[in-house]
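Asks: dropping a prediction and its sequence here:
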Protein chains: 2
Amino acid sequence: MSRPVTPLEGFSTHDHRRCRTETLAVAERLSAERGLKLTPIRRRVLEILLEGHRALGAYDILHRLAQDGLGSQPPVAYRALTFLRELGVVHRIEKLNAFVVCTHPRDAHVPAFLICRKCSSVAEASAPSQGGLLGPAAQAAGFAIETSVLEAEGLCPGCQG
Amino acid sequence: MSRPVTPLEGFSTHDHRRCRTETLAVAERLSAERGLKLTPIRRRVLEILLEGHRALGAYDILHRLAQDGLGSQPPVAYRALTFLRELGVVHRIEKLNAFVVCTHPRDAHVPAFLICRKCSSVAEASAPSQGGLLGPAAQAAGFAIETSVLEAEGLCPGCQG
DNA sequence: CACGCTCACGTTATTGTATAACACTCGCGC
DNA sequence: GCGCGAGTGTTATACAATAACGTGAGCGTG
């Protein structure tokens, strides 16, 4: 079973401290907007993911939560992740069965990812909203797209020979 | 750069009997070309998937195999599925952890799927070779794409309204 | 023929991923 | 106080995937 959960962020550097505080602020605001709460567990999960722009498995996150005394059973992690995903600040990488923080949580967008198969780093590409590639095909077929998954696997700049 | 996708097999009806026999013939031929065999188990797995353009989980397939007395342990199903995927006649749907037959197994293509969340039927669109949406982003990042996942979930024509 | 080789399958066991279902508390409005 | 939804705790289970081992059939070579 490929358990990625390794390296770093996108393939470019950025002001990560600011990235972190902004994302937390956005999460706080979006929660309030919906009349919901960014509880300690939820906040902690987001913080864990914010430690780096890496994809973490649900059970990695769960173990971290357990270390902090914030819950030890799978549903605890999954519920927090579901909440954060609905908020739009966390995405799921289908190909890796793992989760990452969104790099631009305020914009409406269809998440698209570049995943390095060697170092497991993940970069989120900014894709224009609905469909792009699949849009025309969907329209021709009379299909109503609700969510999209765009993921590419290959080699990041640093891992190419 | 990003040519439109050619919609294929939509959710429309088609000559499925022919679809079935042709896919089996292709599988047979590709196996022979590689000096490998389309054994009873492998053939049966392909037939099961050919019963409809639906995504089936590995364990669904395994249970079917077991009913036919062709194997009852997970590796049996996974090995057959791996073989068929390498042949190019079966694709994996990451979003569903499930498998479908390819609708145009002879052409080189990047598979793209429209998945109905209600009836689980899957339409395969034929995407132009590399990346479409992700191509430009990948190039900008210096990322070398090797494989792509393009999947959209929503409602098929029959399940709307 | 004996040997070594690859393909294919059988089997046991384990790990990882995810959710169902139920119970309970808390804060809040009425 | 009461009902209600949000949120968490907990148990149990289902589903997905692979590791690691063994068996044997078939084939080519010496």
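Replies: Done, it's in. Residues are numbered from 1 along each chain as shown, chains lettered A, B, ... in the order given.

Asks: and for A:Gln73, the neighbour number?
Replies: 10 (other Cβ atoms under 10 Å in any protein chain shown). In this view, the C-beta of every residue, glycine as well, is placed from N, C-alpha and C.

Asks: not counting its neighbours along the chain, what's nearest it?
Replies: A:Leu62 (7.9 Å; Cβ to Cβ, 6 or more residues apart in numbering or on different chains).

Asks: show me the shaky parts of chain A.
Replies: Along chain A, the model assigns pLDDT under 70 to residues A:1-12, A:127-133.

Asks: what strands flank the host helix or strand of A:Ala112, and is each parallel or antiparallel?
Replies: Using DSSP states H and E, A:Ala112 falls within strand A:110-116. Using DSSP bridges, strand A:110-116 pairs in its sheet with strand A:122-127 (antiparallel), strand A:144-155 (parallel).

Asks: that one near DNA strand C at all?
Replies: No: Strand A:110-116 is not in contact with DNA strand C by Cβ under 7 Å from any atom of the strand; minimum separation 14.2 Å.

Asks: show me how far that strand is from its chain's centre.
Replies: 10 Å (Cα atoms, centre = their mean, to the nearest Å).

Asks: rewinding a little: and for the residue nearest to A:Gln73, the neighbour number?
Replies: A:Leu62 has 23 nearby residues by other Cβ under 10 Å.

Asks: what helices or strands is the longest helix along chain A leaning on?
Replies: Longest among the helix segments of chain A by residue count, using DSSP state H, is helix A:16-33. Judged by 3 or more Cβ pairs under 8 Å, 6 or more residues apart in numbering or on different chains; DSSP states H and E, the packing partners of helix A:16-33 are helix A:40-50, helix A:74-87.

Asks: next, the angle from the next helix or strand along the chain from the shortest one to helix A:40-50.
Replies: Note on helix A:40-50: by DSSP H and E, the next helix or strand toward the C-terminus is helix A:58-67. Orientation of helix A:58-67 against helix A:40-50 (axes from the mean of the first three to the mean of the last three Cα atoms, to 10 degrees) gives an angle of 120 degrees.

Asks: do the longest helix of chain A and DNA strand C meet?
Replies: No: Helix A:16-33 is not in contact with DNA strand C by Cβ under 7 Å from any atom of the strand; minimum separation 13.0 Å.

Asks: repeat that for stretch A:42-53.
Replies: No: residues of stretch A:42-53 contacting DNA strand C under Cβ under 7 Å from any atom of the strand: none, with a closest distance of 13.2 Å.

Asks: give the buried residues for that stretch.
Replies: For stretch A:42-53, the buried set under the neighbour-count rule, 16 or more other Cβ atoms under 10 Å in any protein chain shown, comprises A:Arg42, A:Arg43, A:Arg44, A:Val45, A:Leu46, A:Glu47, A:Ile48, A:Leu49, A:Leu50, A:Gly52, A:His53.

Asks: so which of these would you say is closest to A:Val101?
Replies: A:Leu49 (4.5 Å; Cβ to Cβ).

Asks: and the nearest residue to that closest one once chain neighbours are set aside, what does it touch?
Replies: Nearest residue to A:Leu49 in three dimensions, chain neighbours excluded: A:Val101, at 4.5 Å (Cβ to Cβ, 6+ apart). Neighbour list for A:Val101: A:Thr23, A:Leu46, A:Leu49, A:Leu50, A:His53, A:Val89, A:Val90, A:His91 [criterion: Cβ atoms under 8 Å, 6 or more residues apart in numbering or on different chains].

Asks: and for A:Phe99?
Replies: By Cβ under 8 Å, 6+ apart, the contact list for A:Phe99 reads A:Leu49, A:Ala55, A:Leu56, A:Gly57, A:Ala58, A:Ile61, A:Leu81, A:Arg85, A:Val90, A:His91, A:Arg92, A:Ile93.

Asks: keeping just the C-alphas, turn the helix or strand containing it into CSV.
Replies: Under the criterion of DSSP H and E, A:Phe99 resides in strand A:98-101. The C-alpha coordinates for strand A:98-101 follow below in CSV (Å, rounded to 0.1, in the frame of the first residue of the first chain):
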residue,chain,number,x,y,z
ALA,A,98,-4.6,11.4,1.4
PHE,A,99,-5.3,15.0,2.2
VAL,A,100,-3.7,18.4,1.7
VAL,A,101,-4.4,22.0,2.6
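
Asks: any part of it near DNA strand D?
Replies: No: taking Cβ under 7 Å from any atom of the strand as the criterion, strand A:98-101 and DNA strand D are apart, separated by no less than 13.1 Å.

Asks: distance from the chain centre to that strand, please.
Replies: Per Cα atoms, centre = their mean, the centroid offset for strand A:98-101 relative to its chain is 3 Å.

Asks: what sits against A:Val90?
Replies: A:Val90 sits next to A:Leu46, A:Leu49, A:Leu81, A:Leu84, A:Phe99, A:Val100, A:Val101, A:Cys102 when contact means Cβ under 8 Å, 6+ apart.
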